[in-house]
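In: what's the 3D shape of this:
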Amino acid sequence: MAKHPKTNQQKEQAKKHSEQASKKESVGHVGTTPNSQATTNPKRHTNETDNPPTPTQMSNFGLNREKAKITDWLVVALTLLVAIAAFWSAWIFQGQLAEMHKATEIQERPWLSVEAQPVNGLSWVNGQQPVLVLKFAIKNVGHSIAKSSQLDVKMFPTSVGMPVAVDAIQHQRELCDHPKISPMQAFDLFPVDQPAERQVDISAPTSTVAAQAVAVTSDKPRKFIGFYVVGCVTYRFSFGPNFHQNRFAYHLLSPALKSEDGNPPILPNGTPLLTGFEIGVNVPKDQLGIIQELFALNDAN
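Out: Modelled structure (predicted):
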């Protein structure tokens, strides 16, 4: 039988079929060959971590952890010490600053001196109520103005016999511990040579005088009483809110006491009375004495 030659179209189709078959075979080899190799001949990747650690490695690991903990504690301790040192330095600096401020204030602040003297002696109103006029000389011996200066003073009766009064400090504290500055009475005092003068009339209640008066043995009734004065000058520093004070206390001294026979009056217990003021009898200025009271404050702050 005679063979018919292939046409060009048939040749092209045959070529295409051959190329497609070749591609399928290539894809099949690519997809199956790695898998089959992986399953039949798997590659083993070795690593040191797959092996269990040796005792030496475990010991070294523990030592490294302990060293890290010690280092952390040392860092904490060092930080704490630095904080304590900083706090201590700040506290010392604050104390030094306060001392410097205090020293500057003491050097630059006002300081007052107070002196008192009777004006016209001791007199009695209606023969029962004592009245004393004192003149106070207040001088600023500091280096700045004494602001809101105020003088407070009171007179109190006391028992006769000795020129001291044990309750003077109590009355002084009641008067001066919590002063109330009155704008009508307060004044500014400059540091000048000439002192400021204030004249004050002071008295003691009739009831308290009568309660502490002592009668003496005599043909006619005679009663005697003692007196003391306490007070303070309160003022403020121009550069500070706190008030300062100059406190004073005086005991009044009477002239020598004599009875009609020229001897001192005798108390009911037989003791001679050496000092005291007779109720209702005026004492002139030149016979009135004044000394510092021992049981009260005579100082400045």
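In: who are the contact partners of Q150?
Out: The contact partners of Q150, by C-beta atoms under 8 Å, 6 or more residues apart in numbering, come to P179, I181, S182, Q185, A186, F187, V233, T234, Y235. Backbone N, C-alpha and C define where each C-beta goes, glycine included.
In: tell me the pLDDT at D219?
Out: You'll see D219 listed with a pLDDT of 78.
In: could you pull up phi and psi at it?
Out: Note on D219: backbone dihedrals following degrees, to the nearest 10 are phi -70, psi -30.
In: ditto for the one 5 residues further on
Out: Here the main-chain torsion angles of F224 (degrees, to the nearest 10) amount to phi -130, psi 150.
In: show me where the stretch 201-301 of the chain has strands.
Out: Remark: strands of the stretch 201-301 of the chain, listed N- to C-terminal, are 214-215, 223-237, 243-253, 277-278, 289-292, 299-300; assignment by DSSP state E, counting those that start in this stretch.
In: still on that earlier bit, what subset of the contacts of Q150 is buried?
Out: Restricting the contacts of Q150 to buried positions leaves V233, T234, Y235, with burial counted as 16 or more other C-beta atoms under 10 Å.
In: do I have it right that the second one meets S182?
Out: No: contact between T234 and S182 fails when scored by C-beta atoms under 8 Å: they sit 10.7 Å apart.
In: show me where pLDDT drops low in the stretch 101-250 of the chain?
Out: Under the criterion pLDDT under 70, the flagged ranges of the stretch 101-250 of the chain are 101-105.
In: how many neighbouring residues does the nearest residue to G280 once chain neighbours are set aside have?
Out: Beyond its immediate neighbours in the sequence, the residue positioned closest to G280 (C-beta to C-beta, 6 or more residues apart in numbering) is G127, lying 3.9 Å away. Using other C-beta atoms under 10 Å, G127 has 9 other residues around it.
In: and G127, which of the three is it?
Out: Local secondary structure at G127 is given as coil here, using DSSP: H, G, I helix; E, B strand; the rest coil.
In: with the one 4 residues further on instead?
Out: The three-state assignment at V131 reads strand, by three-state DSSP.
In: now swap in the one 5 residues further on and tell me
Out: Classification of F136 into helix, strand or coil gives strand, according to three-state DSSP.
In: quick check, it in contact with A116.
Out: Yes: using C-beta under 8 Å, F136 is in contact with A116, at 5.2 Å.
In: re earlier: tell me how far the residue nearest to G280 lies from T275.
Out: As defined by C-beta to C-beta, to the nearest Å, G127 lies at a distance of 21 Å from T275.
In: got it, and I202?
Out: As judged by C-beta to C-beta, I202 and T275 stand 20 Å apart.
In: of these two, which one has the most company?
Out: For the pair I202 and T275, the greater number of neighbours falls to T275 (19 against 16), based on other C-beta under 10 Å.
In: for the more buried one, what are its contacts?
Out: With contacts taken as C-beta under 8 Å, 6+ apart, T275 has the following neighbours: V160, G161, M162, P163, G226, L253, S254, L257.
In: also N301?
Out: Applying C-beta under 8 Å, 6+ apart, one finds that N301 lies in contact with H244, Q245.
In: state the pLDDT value of it.
Out: Per-residue confidence (pLDDT) for N301: 90.
In: cool, and Q287?
Out: In the prediction, the pLDDT value recorded for Q287 is 95.
In: any idea what sits nearest it, other than its immediate chain neighbours?
Out: Here the residue nearest Q287, using C-beta to C-beta, 6+ apart, is P255, at 4.2 Å.
In: list the buried residues of the helix or strand hosting S148.
Out: Element membership for S148 (DSSP states H and E) is strand 146-158. The neighbour-count criterion (16+ other C-beta under 10 Å) identifies 146-158 as the buried residues of strand 146-158.
In: sheet-wise, list the partners of it with their directions.
Out: Based on DSSP bridges, the pairing partners of strand 146-158 within the sheet are strand 187-189 (antiparallel), strand 223-237 (antiparallel).
In: out of the ones you listed, flag the one nearest P284.
Out: For these, proximity to P284 was assessed by C-beta to C-beta; strand 223-237 is nearest, at 15.5 Å.
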